[in-house]
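# 3D model of this:
(chains A, B, C and D)
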Amino acid sequence: MATIRIQAEDFDAAAAAAALTAGRNDVGAVVTFTGRCRSEDNTLAALELEHYPGMAEEEIARVAAEAERRWPLQGTIIIHRYGRIRPGENIVLVVTASSHREAAFEAASFLMDYLKTQAPFWKKEIRADGSEGGWVDAKEADDQAMEKWAK
Amino acid sequence: MATIRIQAEDFDAAAAAAALTAGRNDVGAVVTFTGRCRSEDNTLAALELEHYPGMAEEEIARVAAEAERRWPLQGTIIIHRYGRIRPGENIVLVVTASSHREAAFEAASFLMDYLKTQAPFWKKEIRADGSEGGWVDAKEADDQAMEKWAK
Amino acid sequence: MDAAAVKLSYFAWVRERIGLASEQITPPAEVRTVGELIAWLSGRGEEYAYAFERPQFIRAAIDRVHVKHETPIAGAREIAFFPPMTGG
Amino acid sequence: MDAAAVKLSYFAWVRERIGLASEQITPPAEVRTVGELIAWLSGRGEEYAYAFERPQFIRAAIDRVHVKHETPIAGAREIAFFPPMTGG
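Residues are numbered from 1 along each chain as shown, chains lettered A, B, ... in the order given. Predicted structure coming up:
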């Protein structure tokens, strides 16, 4: 039921959210999360996002199905970009719609915590001086954020 | 620092969120919450939202300042409509921007919990059969949601 | 202390029951708190008695800031009474 | 049980260290789990030893589903190795 897109091009968060509620009058709450590339004090020229084609879609679909099992969602959209992404550009979008605000908030937060640690994407830094900054290390804080959702 | 608008007219959530991040490359996370009027199984024709002019702006500004004290926010927008609002229309918008996703999520959720119980707005139901459905009762669940933020 | 005139504002069903959005009053000097003002207003007529029949459901603000029923009203320019809020 | 050919896929610094995005291999029959496959691959050359030098940082997927190092590899068509993920 969730809409999942893995794409190189940018996305339009507003259009995605509007599509979720178009013609519906039973949606009480819509939460959008947009994750963006930060410049890290102008030391970063870009991120190069590698992904595992096929598994990225499937894994995100599994996580979205889990969110829909846990919360009464009326719609879910997840868009994750890959390739070269510059500071100020979008990386990821999560939209959740529900009749109740807690469900929309919690599901969006859950989806982001899972995407961070379970979706097969890897970020490599391209430094402003042209050098490769290396692969971004996974954060323990992200693992802990995910573990709080364990049943 | 927060942008606060109390208005009768509809708002453009996307334009509001875009304004918060325009020209910035240090914002890592943007969360938007849009609260919408539900039809309640087509029994509801509209909500009539009464507010306390002056206090509504001031109280929301106090709540926004508290959110900015608690979380490292790079921007906050709160728009709350009043007057007659029909099913499928927007009621309230909260946008938070931060370098970190947890801050953006938690601050947006905090703001909504406080708006529900502290902002001087009252909803009256206009029934589909033309009758007044009466004033919406405050929900104990909303009070409990607010209390979880008590320090 | 001299009694001072204060603006009272009413919202939602408090406003509807009293039949007024606001009024200027000068409560007697012995009315010192929000709760005492509610009790005093309740004695002003049937519409007030009806509006304030269950004081535990009445919220108040002094000069646009939420206050408790125990809060003194001295110095207030505007006191508002309304039901629990249902915005958002 | 006959040994079967399986596609191995590598991502991020695992891919860079090995110098391959994917390859077809047929591991010996005694290699039964993901962890045993990692150990066996580590013996295939310097680049593999480098990629898998800290097995605790290697995540794996069988047929596009996350698995643990204890998971048996029997029946797998594709096994992927990669660092902890950093999407989102």
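
# tell me which other helices or strands the helix or strand that contains residue A:143 touches.
Applying DSSP states H and E as the criterion places residue A:143 in helix A:140-147. With contacts defined as 3 or more CB pairs under 8 Å, 6 or more residues apart in numbering or on different chains; DSSP states H and E, the packing partners of helix A:140-147 are helix A:101-118. For the C-beta atoms, the positions are set from N, CA and C on the backbone; glycine is no exception.

# name the residues of chain C found near chain A, please.
If contact is defined as CB under 8 Å from any CB of the partner chain, the residues of chain C in contact with chain A are residue C:88.

# which residue is it, in chain C, that comes closest to chain D?
When scored by CB to the nearest CB, chain C has residue C:88 as its residue closest to chain D, at 28.2 Å.

# what angle do the helix holding residue A:143 and helix B:101-118 make?
50 degrees (axes from the mean of the first three to the mean of the last three CA atoms, to 10 degrees).

# average model confidence for helix A:140-147?
For helix A:140-147, the mean pLDDT works out to 84.

# ok now it, how far from the chain's centre?
Helix A:140-147 has its average C-alpha position 15 Å from the chain's average C-alpha position, going by CA atoms, centre = their mean, to the nearest Å.

# which outside residues touch it?
By CB atoms under 8 Å, 6 or more residues apart in numbering or on different chains, the residues outside helix A:140-147 that reach it are A:113, A:114, A:116, A:117, A:118, B:102, D:88.

# among those residues, which ones are buried?
Neighbour counting with 16 or more other CB atoms under 10 Å in any protein chain shown marks A:113, A:114, A:116, A:117, A:118, D:88 as buried within these.

# for the second one, give me its contacts.
For residue A:114, the set of contacting residues under the criterion of CB under 8 Å, 6+ apart consists of A:63, A:66, A:146, A:149.

# now distance to residue C:26 too, for these, in a markdown table please.
As requested, the contacts of residue A:114 are arranged in a markdown table below (distance: CB to CB, whole Å):
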| residue | distance to residue C:26 |
| --- | --- |
| A:63 | 64 |
| A:66 | 63 |
| A:146 | 62 |
| A:149 | 59 |
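
# buried members of the residues you listed into ChimeraX, please.
ChimeraX command restricting the contacts of residue A:114 to the buried ones, with burial defined by 16+ other CB under 10 Å:
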select /A:63,146
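
# in TSV, list the contacts of residue A:114 along with secondary structure.
Putting the contacts of residue A:114 into TSV (DSSP: H, G, I helix; E, B strand; the rest coil) gives the following:
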residue	secondary structure
A:63	helix
A:66	helix
A:146	helix
A:149	coil
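
# and the contacts of residue A:114, which two are furthest apart?
Checking the contacts of residue A:114 against each other with CB to CB, the farthest-apart pair comes out as A:66 and A:146, at 11.8 Å.

# only the buried residues of the helix holding residue A:143, if you could.
Burial within helix A:140-147, assessed by neighbour count using 16+ other CB under 10 Å, is assigned to A:142, A:145, A:146.

# dump the residue contacts of the nearest residue to residue A:3 once chain neighbours are set aside.
Using CB to CB, 6 or more residues apart in numbering or on different chains and skipping the chain neighbours, the partner closest in space to residue A:3 is residue A:77 (4.6 Å). By CB under 8 Å, 6+ apart, residue A:77 lies in contact with A:2, A:3, A:4, A:16, A:17, A:19, A:20, A:93, A:94, A:95.

# quick check, residue A:77 in a helix?
No: read with three-state DSSP, residue A:77 is strand and lies in no helix.

# tell me the bridge partners for it.
Residue A:77 forms beta bridges with residue A:3, residue A:95, as assigned by DSSP bridges.

# I'd like to know how far it sits from chain C.
Per CB to the nearest CB, to the nearest Å, residue A:77 is found 23 Å from chain C.

# let me know the pLDDT of that residue.
On the pLDDT scale, residue A:77 is placed at 98.

# before we move on, the earlier item: export the buried residues of helix A:140-147 to JSON lines and tack on distance to residue D:78?
Converted to JSON lines, the buried residues of helix A:140-147 look like this (distance: CB to CB, whole Å):
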{"residue": "A:142", "distance to residue D:78": "26"}
{"residue": "A:145", "distance to residue D:78": "29"}
{"residue": "A:146", "distance to residue D:78": "25"}
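
# right, I'll leave it there.
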